[in-house]
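Chemist: Give the three-dimensional model of this entry:
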Amino acid sequence: MGRTNNRLAQLAVATAVVAGGVGVVTAPAASAASVTCTIDSVTNASTAGYKYVNVTCKEGSISPPDFIYDVQIWGEDTWSDDYLATVYPPNYYPASLYVHGSVLNEDYGDKDDIYVKVRFQKSTGGLYSVRSNTVHGWWS
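Modeler: Prediction:
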């Protein structure tokens, strides 16, 4: 993917997030290994060209609670993955990330492969990330 197109696509990201419910997103402080995040689906938004990337994270015991700091969207490639965008959702769960389809179109002319890295902030201030599954589709 061309770097210029990638930068333009990043600028097109809408940072709005649709919350699926009310509540603080928490995850266990113990380790990233006890948290799993999944892209459940990528669906069309009512605005032409926009998509919802629907992400769910499951956690173990909460003690003390951590929270979602940000969500990075990545394009998976054979040699090196492409950073596509960062969304800063409010601490609601589950989250639907609202982005333009051009952001997800990381393999021009070919099927796209995307995943997210959900970064959690510990109550002590440190960050750790959890990688989701990879989903495949055409999202231009």
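
Chemist: Test my guess that Ser140 contacts Ser102.
Modeler: Yes: here Ser140 reaches Ser102: they are 6.4 Å apart, a contact under Cβ atoms under 8 Å. (Each C-beta comes from the backbone N, C-alpha and C, glycine too.)

Chemist: Have a look at those two and say which one is more surrounded.
Modeler: More crowded of Ser140 and Ser102, by other Cβ atoms under 10 Å: Ser102, with 19 against 14.

Chemist: Cross-check the contact I'm expecting between that one and Gly49.
Modeler: Yes: with contact defined as Cβ under 8 Å, Ser102 reaches Gly49; the gap is 7.3 Å.

Chemist: Name the SS class of Val103, please.
Modeler: Using DSSP: H, G, I helix; E, B strand; the rest coil as the criterion, the local structure at Val103 reads helix.

Chemist: Any regions of this structure where pLDDT drops low?
Modeler: 1-33, 60-64, 90-94 (pLDDT under 70).

Chemist: where exactly do the strands run in it?
Modeler: Counting by DSSP state E, the chain has strands at residues 17-19, 27-28, 36-44, 50-58, 65-75, 82-87, 95-100, 112-121, 127-131, 135-137.

Chemist: Not counting sequence-adjacent ones, nearest residue to Asn133?
Modeler: Residue nearest to Asn133 in three dimensions, not counting chain neighbours: Thr38, with 5.5 Å by Cβ to Cβ, 6 or more residues apart in numbering.
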